[in-house]
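Undergrad: sequence? don't have it. structure:
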């Protein structure tokens, strides 16, 4: 990775790409995530371009890569993406801030229809970087004991509505490679993870957001593709070969124009109850 060393400043354009939404790309996503929605016969998964922001790392990542972590992810869905469409992306730095000994850079990536510029999907990625000293040799930035040492969070969820059907996934090395490959990096290779201060492959945080999207998509269908919103905090590291379940619970419903928007609290948890993601999500009723 050849970071240019230029300051990552708010307003900086990081790059853009153009893609054809092919059946092969959609099928690869469905296989990688084990997400085979009937909607994918005609439309792309809403987070098909989940990692587009990482195509331009040299433009917005800070130079200290040791211990960098995905802190928060926001998604807004505005329209379904038909298979066969052509889309264009745009990546921009929209915020920087400091919190709990870490420097954060926020990248906003838009996915637009290539023909008329309509906004289809918008994602905001909050990436955190260590602001202090790097760990000494033999020490890890994060390991299996980290979750136990964290300050307990307030009770969650607080929603009292019905549960949505959850999905359970085992994130093995093959899934990591399909989602974060094909190159060797700390999301696909243990040796690369150790170079950045981690004891094992760190499952890419975007994957957990895709699991939540599957729960919402299964329930709300076109109402999620055309109006879904998610604000998600990555609260613990998910390691390769661990299993998790993505869950959602209805908080409330309210009118939105002539339709109804249902708000949910969502989370992804390991078998021992450790939560790797918590947040909110909403969609329009079909």
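TA: Cool, got the structure. As the structure is a computational prediction, the values presented were derived from the model and not from experiment.
Undergrad: can we go C-alpha only for contacts and neighbour counts from here?
TA: Will do.
Undergrad: And the helices in the stretch 101-250 of the chain?
TA: For the stretch 101-250 of the chain, the helices defined by DSSP state H, counting those that start in this stretch cover 146-149, 173-180, 190-195, 205-220, 222-225.
Undergrad: tally of neighbours for residue 182?
TA: Residue 182 is flanked by 10 other residues according to other Cα atoms under 10 Å.
Undergrad: let me fix that: residue 160
TA: Count around residue 160 with other Cα under 10 Å applied: 12.
Undergrad: tell me the contacts of it?
TA: Residue 160 is in contact with 249-251, counting by Cα atoms under 8 Å, 6 or more residues apart in numbering.
Undergrad: quick one: it from residue 39, how far?
TA: 29 Å (Cα to Cα, to the nearest Å).
Undergrad: cool, and residue 10?
TA: 37 Å.
Undergrad: Adding mean pLDDT, write the helices of the stretch 101-250 of the chain out as TSV.
TA: Converted to TSV, those look like this (pLDDT from 0 to 100):
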stretch	mean pLDDT
helix 146-149	50
helix 173-180	95
helix 190-195	92
helix 205-220	97
helix 222-225	98
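Undergrad: Mean neighbour count and distance to residue 119 for the ones you listed - can I get that in TSV?
TA: Converted to TSV, the helices of the stretch 101-250 of the chain look like this (neighbours: other Cα atoms under 10 Å; distance: least, Cα to Cα, whole Å):
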stretch	mean neighbour count	distance to residue 119
helix 146-149	11	38
helix 173-180	19	24
helix 190-195	18	35
helix 205-220	22	19
helix 222-225	25	13
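Undergrad: Ok, which of those helices comes nearest residue 24?
TA: Closest to residue 24 of the helices of the stretch 101-250 of the chain, according to Cα to Cα: helix 173-180, at 13.4 Å.
Undergrad: Please give me every residue in contact with residue 48.
TA: Per Cα under 8 Å, 6+ apart, neighbours of residue 48: 26, 29.
Undergrad: tell me the secondary structure for it?
TA: coil (DSSP: H, G, I helix; E, B strand; the rest coil).
Undergrad: before we move on, back to that, which stretch among the helices of the stretch 101-250 of the chain comes nearest residue 31?
TA: Minimum separation from residue 31 across those (Cα to Cα) falls at helix 173-180, 8.6 Å.
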